[in-house]
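J.: Here is a sequence together with a model predicted from it:
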Amino acid sequence: MNYGWAGTVEQFIQLDLQSFIVQLQNHVYKNLKVNDRKTEVQTKAWIDSYK
């Protein structure tokens, strides 16, 4: 099964920014370099969406 979140909504809402970003990076970029320019832009978008 392929999914981005396996917990409850309550657990998701309580994530701090660092945990939110790390979990997304681990899920989406598990086979890519995280310091790649494309991943940097996407990570900034995730940070903006968290706010």
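T.: Here it is on my side, so go on.
J.: Kindly list the main-chain dihedrals of the residue nearest to the spatial centre of the chain?
T.: Compute the mean C-alpha point of the chain, and by Cα atoms, centre = their mean the closest residue is residue 24, 2.0 Å away. Reported as degrees, to the nearest 10, the phi and psi values for residue 24 are phi -60, psi -50.
J.: Would you check that it makes contact with residue 46?
T.: Yes. Here residue 24 reaches residue 46: they are 5.5 Å apart, a contact under Cβ atoms under 8 Å. (Each C-beta comes from the backbone N, C-alpha and C, glycine too.)
J.: Now for these two: what residues contact both?
T.: Contact criterion Cβ atoms under 8 Å, 6 or more residues apart in numbering; residues shared by residue 24 and residue 46: none found.
J.: What is the neighbour count of residue 42?
T.: By the measure other Cβ atoms under 10 Å, the count of residues near residue 42 is 15.
J.: meant to ask about residue 40, not that
T.: Residue 40 has 11 neighbouring residues, counting by other Cβ under 10 Å.
J.: list the helices and strands the top helix by length along the chain packs on?
T.: Looking only at the chain and at elements set by DSSP state H, the helix with the highest residue count is helix 37-50. Taking 3 or more Cβ pairs under 8 Å, 6 or more residues apart in numbering; DSSP states H and E as the contact definition, the neighbouring helices and strands of helix 37-50 are helix 17-28.
J.: Right, I'll leave it there.
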